[in-house]
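>>> Got a sequence here, can you model it:
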Amino acid sequence: MTVRSALRSALVDTYHFSWRLLVVNTALSAAVALVALFVSTFPLVLFVAPLVAGPIAAALAHCVVTLIREQEFRLSDAVAGIRRFWKRGLILGGIFGLVLLLGTLAVAFYSSEPHRVLPLAVLAVYVVAVAALIVLVAWLFAIADPEEGVDDALRRAFLLALRSPMRMLVFGTALLLVNLVGAVTVLPLLTLTIAYSFLATARLVLPPPEEVPV
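Numbering: from 1, shown residues only. Okay, here's the model as predicted:
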């Protein structure tokens, strides 16, 4: 599937299943917000928040995979996703948080007055964005193929990025813009940006339903 088709299909899915996606998306956002309240130290919160919210993100990913494969999902699928994949959620959430933490520290270091090296700061931003996208893709692989380990999912996501760098770059840029708009607006529809990101990624990297082995 092309990047444009994946983004368009994810938008249609988000519209048709908006209220159920909103419930799971809001639970994920609430978990991050609660962590931010109790862990006020920055940038440590960038690591702790994704780690704690990881199991809920795994539940969201499970709902998305179920939707892609069965063209339907229920809120009970989110509960089942937490029960089945909470460990994978913790691992991937921790990895995602570590990427954010180290990236933020690198950007702050190379852009600070005593060590101002702006090209390296820009490079750090780029590396963080690519790594975050790889983890996002790995999240879908880890949930869609539970017989494989998290390391296998990360390896597959990394190889996919190597095989199609421009495609993934365009896709990542589109998701970044969507989430940036969601971060600066209060429009209710845009509180679904995390769910939309998972949906678009699933549409792009997972095989269509007819190709999924029974």
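
>>> Any idea which residue is closest to the centre of the chain?
In the chain, the residue lying closest to the centroid (CA atoms, centre = their mean) is residue 136, at 4.0 Å.

>>> Need the nearest residue in space to it, chain neighbours excluded.
The shortest distance from residue 136 to any residue other than its chain neighbours is 5.5 Å, reached at residue 201 (CB to CB, 6 or more residues apart in numbering). C-beta coordinates here come from the backbone N, C-alpha and C atoms, glycine included.

>>> ok, now residue 11?
In this structure, residue 11 finds its nearest non-sequential neighbour in residue 196, 7.2 Å apart by CB to CB, 6+ apart.

>>> Could you identify the helix or strand that succeeds the lengthiest helix in the chain?
As assigned by DSSP state H, the longest helix anywhere in the chain is helix 75-111. Where DSSP states H and E defines the elements, the next helix or strand beyond helix 75-111 is helix 118-144.

>>> That following helix to helix 75-111, inter-axis angle?
Counting by axes from the mean of the first three to the mean of the last three CA atoms, to 10 degrees, helix 118-144 lies at 160 degrees to helix 75-111.

>>> Counting by contacts, list what helix 118-144 packs against.
Secondary-structure packing of helix 118-144 (3 or more CB pairs under 8 Å, 6 or more residues apart in numbering; DSSP states H and E): helix 44-70, helix 75-111, helix 150-163, helix 165-184, helix 193-205.

>>> among those, which gets the worst mean confidence?
Here the helices and strands packed on helix 118-144 differ in mean pLDDT, and the lowest is helix 165-184 at a mean of 86.

>>> Mind listing residues that contact that helix?
When contacts are defined by CB atoms under 8 Å, 6 or more residues apart in numbering, helix 165-184 is touched by residues 3, 6-7, 129-130, 133, 136, 160-161, 190-194, 196-197, 200-201, 204.

>>> cutoff 10 Å now
By CB atoms under 10 Å, 6 or more residues apart in numbering, the surrounding residues in contact with helix 165-184 are 2-4, 6-7, 10-11, 126, 129-130, 132-134, 136-137, 157, 160-162, 164, 187, 189-194, 196-198, 200-201, 204-205.

>>> can you pull the buried residues of it?
When neighbours are counted by 16 or more other CB atoms under 10 Å, the buried residues of helix 165-184 are found to be 168-169, 171-172, 174-175, 178, 182.

>>> From the residues you listed, pick the one nearest residue 98.
residue 172 (18.6 Å; CB to CB).

>>> Report the separation between that closest one and residue 62.
Look at residue 172 and residue 62: by CB to CB, to the nearest Å, they are 23 Å apart.

>>> Distance across stretch 179-197, terminal residue to terminal residue?
Using CA to CA, to the nearest Å, the gap from the first to the last residue of stretch 179-197 comes to 8 Å.
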